[in-house]
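>>> Sequence first, then the predicted structure:
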Amino acid sequence: MFKTGTETNKIIEVFPVQGRTNDDKACLKGWYGWDFLNDPQILTRRIREPMIRKNGKGSPLEVVSWDEAIKFVADNLLKIKETWGLDSIIGAASARGPGNEPNYLTQKFMRACVGTNNIDHCARICHATSVAGSRQTIGEGAMSLSIPEIEDAEVIFNIGYNAAASHPVVARRIVQAKEKGAFIICADPRVTETSRIAAIHLQLKGGTNLALANAMANVIITEGLEDKEFIKAHTKDFEAYKEIVLDYPPEKVAAIADLDPEAIRKAARKYAGSKHSVILWGMGVTQFSQGVDVVKSLCSLAMLTGNFGRPSTGAGPVRGQNNVQGTCEMGVLPDVFPGYQSVTDPKIREKFAKAWGVNSLPAEVGLQLTRVPEKVVHEKDLAKRIHAYYIFGEDPAQSDPDLAELRESLAQIDFVVCQEIFMNKTTQYADAILPATSWGEHEGVYTSSDRGFQRIRKVIEPEGNLKDDWEIISLVSTAMGYPMSYRNTEEIWTEMIDLCPKFTGATYEKIERQGSVQWPCFNKGPADKGSMYLHKDGYFATPDGIGIFKTAHYHSPIEVENKDYPLTLGTVREVGHYSARTMTGNCRTLRNLEDEPGWVEMAPEDCAALGVSDGELVKVSSKRGQVISRCKKTERVKKGAIYMTYQWWIGACNELTISTLDPVSRTPEYKYCAAKVERIPNQARAWKEVANSYLAIKEKMGIDQKAVSQ
């Protein structure tokens, strides 16, 4: 709940209220992550007016009226569509502040107006892996249990997930489970807060998740611990799965993953010994070139032990951003309409075409946003290239891997639109910038990580010549010849749920009355309050209701350490900051916790070998680039491995990360590449370079250093 200064139209205080998942508590960003709405201009400035480059690329951005900006965007998109075809345009929508309704309209705009399935969002670089792997096994790419259920689990297998940094509200449930007697198994290359309270910490080598999951399945099967009745009644393809996992005895995997084989056995026995075992995973699972295979193996592990279909059990891909679950559900993916309805299904296409008033909709799966460089800098045929990029609430020039390649792509694309709230790294390449309202300045619905729809409300009036995201999209679409007309977000929401059987019962009225509605919720009547957990009684969301066992053989990450780059680099979360930092970096309390140039976590042995001290500036490099960061000497990490967070501008670890993708989800392998760290002899000069670089970036973002007190 917000306390506002009514005379100044500013938020002055915030405090939590009782909710289904937060239980009257708030995380660090909940307490302090609202200050950016007051626009303190610490890091970057709020965009208050529409801007366009009237004289083409390289010309300055100029403030214009909304009518001129909308016409400019519509005319350019129509020209590109006519010249290069429907699929020459791609859109990226937002899993952050806008809410579900404008995301629904964005994919509708791309499909019904532009005529392409080239629509995606940041789930592609985080949990698209979870969606793809879960669909192939259990049929549904969402958490099968609710966040409150976690605290009543008997066993928690936490793999590649640091809840304390990523989701403190979820971390609190894990702590409460521990207090209630839960047995916690933590598989993580680093010592995290969860590993510290775990009964078993499997501190595996980065990139070996699949080998570990297969080894646990091996133990369960060879020791006869599998749930034979559940397997027979509710699953298929067990024998093919068994044939693979039998090739992964603990001794073999211990050598691959740098683990004790007896620890693997103990973890497997404990997990299999409970009917209330939960698997929680995060991007330490998904951001690998073999991420989909790991997700399939984890879902299969739960099926193997009968851990589905009842409270406090199941599979939990805990989503990264506040509305990444919802943005997926709105169909902001290149292969599905809202409600995860396939674009390749003729009957589904016919339903949406009729509802949206068009003759037909594109049938081919669209382009994933991580493939933009492939379709720009690496595509020689102009007819097959991406020529326009409509970027709504995303910052790929900060968040995508191999940033040098991404910047080259943005520079080469004919026309780039940014619909944004702040200047950021990507707006530097924009030909048009459309200023939008933020959360706190508009109405809507978010979806929590455990499928819970919840309302967001307007608490202050937006300042400047801004428009709601849904209104901007409607205006652009209308100007391009496909009229969109809505009075409010509820009208958009009602249109959406009427097209999505799983969501039909989640009306604004029901969400308001209950505080939250978890899908599936098929009926608008009061009796259907939604679903606390999925796959009840072992009936899965696959077409025939049968779960499908799947795994794969392990292979190492694509780029491994070598003589020139002897360390492995992985990306991790920073508890005080969020996403690309344009919001939390403009929150005074959070900015004071951590600032540029970030940190690189290093083992004491590696620090000693290089002769660097804690807090000292170092140069970190890979084949793709180099950055300056601060050495964080810590026993949390193993010798030979380093870790960085991606929020920083000077210490931007995505200058280093590799753009290798999972072949199914097209998610980048952020968690593993070869790198090296070098000592910087002249620290004073390095610190001056950092300060000057930071100042120069802020000035590009519109910060007047003379006018703003730092």
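Nice, I can see it.
>>> Name the helix or strand for Gly176, please.
Not Gly; residue 176 is Gln. helix 168-179 (DSSP states H and E).
>>> next one: that helix to chain centre, how far?
A distance of 22 Å separates the centroid of the chain from that of helix 168-179, by CA atoms, centre = their mean, to the nearest Å.
>>> My guess is Thr542 contacts Gln136. True?
No: assessed by CB atoms under 8 Å, Thr542 is found out of contact with Gln136, at 9.0 Å. Glycine gets a C-beta too; all of them are placed from N, C-alpha and C.
>>> and for the two, which residues touch both?
Taking CB atoms under 8 Å, 6 or more residues apart in numbering as the contact rule, Thr542 and Gln136 both touch Ile548.
>>> residues contacting Pro334?
Asn117, Asn118, Ile119, Asp120, Val343, Val365, Gly366, Leu367, Gln368.
>>> Out of the residues you listed, list just those in strands.
Ile119, Asp120 (DSSP state E).
>>> one step back: list the buried ones in the helix holding Gln176?
Pro168, Val169, Val170, Ala171, Arg172, Arg173, Ile174, Val175, Ala177, Lys178 (16 or more other CB atoms under 10 Å).
>>> filter the contacts of Pro334 to the buried ones?
Buried members of these, counted by 16+ other CB under 10 Å: Asn117, Asn118, Ile119, Asp120, Val343, Gly366, Leu367, Gln368.
>>> So what's the residue count around Glu251?
11 (other CB atoms under 10 Å).
>>> how about the closest residue to it other than its chain neighbours, what does it touch?
Nearest residue to Glu251, sequence neighbours excluded (CB to CB, 6 or more residues apart in numbering): Pro261, at 4.9 Å. Listed by CB under 8 Å, 6+ apart, the contact partners of Pro261 are Pro249, Pro250, Glu251, Val253, Ala254.
>>> Would you list the phi and psi of Pro261?
Phi and psi for Pro261, reported as degrees, to the nearest 10, are phi -60, psi -30.
>>> Which pLDDT value belongs to it?
At Pro261, the pLDDT value in this model is 98.
>>> what's the distance between the nearest residue in space to Leu617 that is not next to it in sequence and Ile413?
Spatial nearest neighbour of Leu617, chain neighbours left out: Ala686 (4.4 Å); criterion: CB to CB, 6+ apart. Going from Ala686 to Ile413 by CB to CB, to the nearest Å gives 35 Å.
>>> swap in Arg513?
On the measure of CB to CB, Arg513 and Ile413 end up 46 Å apart.
>>> What of Thr645?
As judged by CB to CB, Thr645 and Ile413 stand 28 Å apart.
>>> if we can go back for a sec, which one of Arg513 and Ile413 has more residues nearby?
Ile413 (22 against 11).
>>> pretty sure the more buried one contacts Ala388?
Yes: taking CB under 8 Å as the definition, Ile413 is a contact partner of Ala388 at 6.8 Å.
>>> returning to that earlier point: can you tell me which of the buried ones among the contacts of Pro334 is closest to Ala93?
Of all the buried ones among the contacts of Pro334, Ile119 has the smallest distance to Ala93: 6.8 Å, by CB to CB.
>>> got the contact list for that closest one?
So Ile119 contacts 90-93, 106-107, 110-111, 331-334, 366 (CB under 8 Å, 6+ apart).
>>> mind running it again at 10 Å?
By CB atoms under 10 Å, 6 or more residues apart in numbering, the contact set of Ile119 is 89-93, 103, 106-111, 331-334, 366-369, 390, 392.
>>> Against which helices or strands is the longest strand along the chain packed?
As assigned by DSSP E, the longest strand anywhere in the chain is strand 625-633. Using 3 or more CB pairs under 10 Å, 6 or more residues apart in numbering; DSSP states H and E as the contact test, the elements touching strand 625-633 are helix 403-412, strand 599-602, helix 604-610, strand 617-622, strand 641-645, strand 673-679, helix 683-700.
>>> Please dump these into CSV; it should also carry mean neighbour count, distance to Ala163 and mean pLDDT for every row.
CSV is the format used below for the helices and strands packed on strand 625-633 (neighbours: other CB atoms under 10 Å; distance: least, CB to CB, whole Å; pLDDT from 0 to 100):
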stretch, mean neighbour count, distance to Ala163, mean pLDDT
helix 403-412, 18, 28, 96
strand 599-602, 24, 18, 96
helix 604-610, 15, 26, 97
strand 617-622, 22, 27, 98
strand 641-645, 23, 16, 95
strand 673-679, 21, 25, 98
helix 683-700, 14, 31, 93
